[in-house]
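**Q** This is a predicted model, with the sequence first.
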Amino acid sequence: MDHYSLKKILFFIFLLLFQINVSCNQNDAHQQKNDNGEQNKKKIKVGAWYFGGWSFPPDENGYTFHISPTLVNQFSEREPIWGWREDNPEIMIDQINYAANAGFSFWGFCWYENTLVGDSTLMNNLNNALALFLDAPNSNRLQFLLLSCQPVSSVNWEKLCDKTIAYFKKTNYLKVDGKPVMIFFNTDEIIEGMGGLENMKEAINFYREKAKKEGFGEILLGARVTSQILNSSFYYKYKFCGFDFLTTYNQSDIGRISAGPNDYENLEKGDKKAWDLISSMATANNMKYLPTMSAGYDMRPWAADHPTLPSSDFWYTGVTPERIAKHLNDAIYWVQSTPPEVLVDDLLIIYAWNEYGEGAWLTPTKSEGTARLDAIKKVINSN
C-alpha cells in the first residue's frame, strides 16, 4: 500500500470516529436537565448575511448591475415591499426592525475594501448599506460583523486592518468573549495576493498586533471555505496562516444533484453534510466552526443579464416559508447539540437576508409579505 493510500484510509477512520464522538456528545447534551426536570437548551444567536448591492446609480431605465432587467421583470416575486433600492435611511430603519422583531441577533455585512478594484469610487456603493445601518437610530437592535469580499494584497493590507479595527470599536460590533469576529470571503485569493502562506501568516500576526494596540486583546478571524470539504489538506493551510475558525457563505453546490431544478430538500441535505464535515475538519486542525444554513439559491436572473458572470447551471425549487422554518429548526438543533468547543460561541448564520439576484432572501416581499420572517420568528422564539 502506498503512502498516499494509507493517509487517505487514516483520514476517513478519523472522520468516522469524530462523527461518532459528536453524535454521542449530542445525545449527552440533549439529556441534560435543569432542576425542574426540563431539558436545557442553548440560546442560539441567529444572524443573516447582508449584501449591500442595491444602491448603485441607476441607468436611464432605472436598472443597475444588480437590479437587472431579468430580475425586475421575470423574477418580480423577489422584490422587497420597499422596492429594489435600499439607499434610504427610512428603509434601513425598517429593515432593522423587521430583523430584530423576527428574533435575529446580527447581520454579517459583505464588506469591500476597494483599493485594488478598477473604479473604487463606484464600487464603494457596496458599503452604502453598512453606512446607513450605522447611522440608523435603531442600529443598536442588531449586532454586526464584517465579511471582507474584495481582493487584498500587501498593497492594501494595512488599510484593511485600520478600517476594520475602526469598525470593531462600534458598541454593537459582534464580539465573542470580547473578541471581534472578522471573516474573509475570498481566503484563497487573499493568500495568493499576499504571496503565499508564510506571508499570510505574517500579515495576520501584523493584524493582531494592530488590534492589540487599539485595545483589543484578541480578534477571531474566520476563513470562508468552499465545497472542497473532503480534502483534509485544504484546511491545514488556514490554521497555518493563523485563522481561528472556518465558515461558508452557502452550501448550494454541495446539495446539487443535477443541472437544472433541484428540490430545496437537496439544499437542506447539502447544508447538513457541510455542518458535519467542516466541523470535523475544523476540529482536526484545532480550529472552530461557524455554521450557515441556506434559504435558497437561484442565480438565473443574473446569469441571463450578465453572461460573463460565473454562475451555476442549477437552482433550487420549492422554497417556502414553512420549509425554511423547518430547516432553521434543524440547524438550531444541530448547534444546540454540538459540543461548544467545536463552535464559535452559539452563532448561526442564514444565507441570506437579501441576495435577491442569487435567489436567497428573508426580507418582506410584495408577493409573500412577511411570511418568511413570521415563520422564522416562531422557530427562534420556540428555541
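**A** Received it, and whenever you're ready, just let me know what you need. All of these numbers come straight from a predicted model, not from anything done at the bench. Numbering: from 1, shown residues only.
**Q** where does Ser337 fall, phi/psi-wise?
**A** phi -90, psi -10 (degrees, to the nearest 10).
**Q** typo on my end, it should be Ile183
**A** phi -130, psi 150.
**Q** Just grab the bridge partners of it for me.
**A** Listed by DSSP bridges, the beta-bridge partners for Ile183 are Leu147, Gly222.
**Q** The residue most central in space within the chain and Lys170: what is the separation?
**A** Geometric centre of the chain, nearest residue: Tyr249, 4.1 Å, by C-alpha atoms, centre = their mean. Computed as C-beta to C-beta, to the nearest Å, the Tyr249 to Lys170 distance reads 23 Å. In short, each C-beta sits where N, CA and C put it, glycine included.
**Q** Check Lys269 too.
**A** From Lys269 over to Lys170 (counting by C-beta to C-beta), the distance is 38 Å.
**Q** What is the burial count for Asn128?
**A** 17 (other C-beta atoms under 10 Å).
**Q** thought it was touching Gly53?
**A** No: look at Asn128 against Gly53 with C-beta atoms under 8 Å: they stay out of range, at 9.3 Å.
**Q** list the contacts for Asp244?
**A** Asp244 makes contact with Leu220, Leu221, Gly222, Met287, Lys288, Val344, according to C-beta atoms under 8 Å, 6 or more residues apart in numbering.
**Q** how deep is the fifth one tucked in, by neighbour count?
**A** It stands for Lys288. 21.
**Q** before we move on, what about the second one?
**A** A count of neighbours around Leu221, defined by other C-beta under 10 Å, yields 22.
**Q** same question, the first one
**A** Neighbourhood size, Leu220 [other C-beta under 10 Å]: 21.
**Q** That one is in contact with Lys179, isn't it?
**A** Yes: with contacts counted by C-beta under 8 Å, Leu220 reaches Lys179, the gap being 4.7 Å.
**Q** Once you drop chain neighbours, what's closest to Ser120?
**A** Asn114 (4.0 Å; C-beta to C-beta, 6 or more residues apart in numbering).
**Q** What are the phi and psi values at the one you found?
**A** Per-residue torsions, Asn114: phi -100, psi 20 (degrees, to the nearest 10).
**Q** Which of the three states applies to Leu246?
**A** Per DSSP: H, G, I helix; E, B strand; the rest coil, the secondary structure class of Leu246 is strand.
**Q** partners of it in the sheet?
**A** Ala223, Tyr289.
**Q** Could you tell me what pLDDT the model assigned to it?
**A** Listed pLDDT for Leu246 reads 95.
**Q** The one 5 residues further on too?
**A** Turning to Gln251, the model gives it a pLDDT of 92.
**Q** isn't it right next to Asp271, touching?
**A** Yes: at 4.9 Å, Gln251 counts as touching Asp271 under the criterion of C-beta under 8 Å.
**Q** what do the two both touch?
**A** Joint contacts of Gln251 and Asp271 (C-beta under 8 Å, 6+ apart) are Thr292, Ser294.
**Q** Let me see the ranges of the helices in the stretch 101-250 of the chain.
**A** 120-123, 128-135, 157-168, 187-193, 197-213, 233-241 (DSSP state H, counting those that start in this stretch).
**Q** Verify the contact between Lys210 and Asp162 for me.
**A** Yes: counting by C-beta under 8 Å, Asp162 is a contact partner of Lys210 at 7.3 Å.
**Q** who's more crowded, these two?
**A** Neighbour count, other C-beta under 10 Å: between Lys210 and Asp162, Lys210 has more, with 16 against 11.
**Q** before we move on, back to that, next one: the residue nearest to Ser120 from Leu267, what distance?
**A** 32 Å.
**Q** More neighbours: which of these two?
**A** Neighbours per residue, other C-beta under 10 Å: of Asn114 and Leu267, the larger number sits with Leu267, 31 against 18.
**Q** ok, now which ones touch the residue nearest to the centre of the chain?
**A** Contacts for Tyr249 (C-beta under 8 Å, 6+ apart) come out as Trp49, Leu147, Phe185, Arg224, Thr292, Tyr351.
**Q** likewise Val176?
**A** Leu220, Val344, Asp345, Leu347.
**Q** ok, so what distance separates it from Gly108?
**A** In terms of C-beta to C-beta, Val176 sits 14 Å off from Gly108.
**Q** coming back round to it: next up, the contacts around the residue nearest to Ser120.
**A** Asn114 makes contact with Ser120, Met123, Asn124, Leu126, Gln150, according to C-beta under 8 Å, 6+ apart.
**Q** Distance-wise, check it relative to Asp188.
**A** Distance of Asn114 to Asp188, given as C-beta to C-beta: 20 Å.
**Q** And for Trp82?
**A** Computed as C-beta to C-beta, the Trp82 to Asp188 distance reads 36 Å.
**Q** what does Ile219 give?
**A** 21 Å.
**Q** So those two - more neighbours on which side?
**A** Neighbours per residue, other C-beta under 10 Å: of Ile219 and Asp188, the larger number sits with Ile219, 21 against 16.
**Q** hmm, which of the contacts of Asn114 are the buried ones?
**A** Buried members of these, scored by 16 or more other C-beta atoms under 10 Å, are Leu126, Gln150.
**Q** Using JSON lines, please lay out the contacts of Asn114 together with distance to Pro321 and pLDDT.
**A** Shown next, in JSON lines, are the contacts of Asn114 (distance: C-beta to C-beta, whole Å; pLDDT from 0 to 100):
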{"residue": "Ser120", "distance to Pro321": "39", "pLDDT": "93"}
{"residue": "Met123", "distance to Pro321": "34", "pLDDT": "96"}
{"residue": "Asn124", "distance to Pro321": "35", "pLDDT": "96"}
{"residue": "Leu126", "distance to Pro321": "29", "pLDDT": "98"}
{"residue": "Gln150", "distance to Pro321": "33", "pLDDT": "94"}
